[in-house]
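Novice: predicted model follows, preceded by the sequence.
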Amino acid sequence: MRRAETGFPVVGIVSVEWQDSSQIQHALEARFNAILTERMQDVPLLNPKLSVQALPFYPFNGDWVGILLTPWFMNLLLLPGAHSDWVAQAPGCKFECAFPYGSFTFTVAEEKDLGRYGLCSLFSPMFQFEDQKAAVAAGEAALQGLLSVPQQPMSRRDLLRGQFGPAK
């Protein structure tokens with residue numbers, strides 16, 4: 001059971017002990033495919049050319065970081081490690097996470113079978129992507145850029161566009 005900074009148990013938080021990227025990808029894809037079927041079918045924000053796909057997740061400062069693609073969003077996700085303090089915050093709360101690229105604001109969310117996680121929206125809706133391959137390429141580029149120390153100052157917009165070279 002997790003404990004808040006007060007030392008008292010945090011009641012009601014589902015905590016998943018993530019073992020590896022494959023486990024995370026499978027759990028995210030299963031849950032968000034269920035959400036697609038159960039909650040999103042008639043929502044006009046869906047890009048029908050896209051599907052749910054979790055890109056590989058990587059250990060980062062005791063948490064797991066990666067990208068989740070759906071037909072309605074692309075989010076940078078943080079899944080908690082064993083000693084994550086932010087997981088004790090209620091869904092909807094915001095927290096900062098510093099990456100080599102810079103600091104980003106995450107919102108605490110919670111889903112059945114996943115427990116609490118942090119999300120940072122990169123794209124929503126997803127109509128600018130012609131196909132799954134283009135969305136995956138953008139997600140991979142964004143994560144690579146986030147985890148790399150920039151050679152020069154870059155804007156968040158440049159990071160999301162995959163523009164890691166000199167400013168033009």
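Specialist: Here it is on my side, so go on. Numbering: from 1, shown residues only.

Novice: in this protein, which spans are strands?
Specialist: 53-54, 58-60, 63-69, 74-79, 94-98, 103-111, 115-123 (DSSP state E).

Novice: low-confidence ranges in this structure?
Specialist: The model of the chain has pLDDT under 70 over residues 1-14, 151-168.

Novice: now do 50
Specialist: 1-11, 165-168 (pLDDT under 50).

Novice: what about the helices in it?
Specialist: Applying DSSP state H to the chain gives helices spanning 21-39, 132-146, 156-161.

Novice: residues contacting R116?
Specialist: Each residue near R116 by Cβ atoms under 8 Å, 6 or more residues apart in numbering is listed here: 13-15, 80, 87, 89, 91, 108-110. Bear in mind the C-beta positions are built from the backbone N, C-alpha and C, glycine included.

Novice: looking at those, which one is closest to E29?
Specialist: Closest approach to E29 among those (Cβ to Cβ): A109, at 16.3 Å.

Novice: ok, the closest one touching L119?
Specialist: Yes - here A109 reaches L119: they are 5.2 Å apart, a contact under Cβ atoms under 8 Å.

Novice: now, of the contacts of R116, which are buried?
Specialist: Buried subset of the contacts of R116 (neighbour count, 16 or more other Cβ atoms under 10 Å): 13, 80, 87, 89, 108-109.

Novice: bridged to the residue nearest the centre of the chain, which residues?
Specialist: Compute the mean C-alpha point of the chain, and by Cα atoms, centre = their mean the closest residue is L77, 1.7 Å away. Taking DSSP bridges as the rule, L77 bridges to G66, L119.
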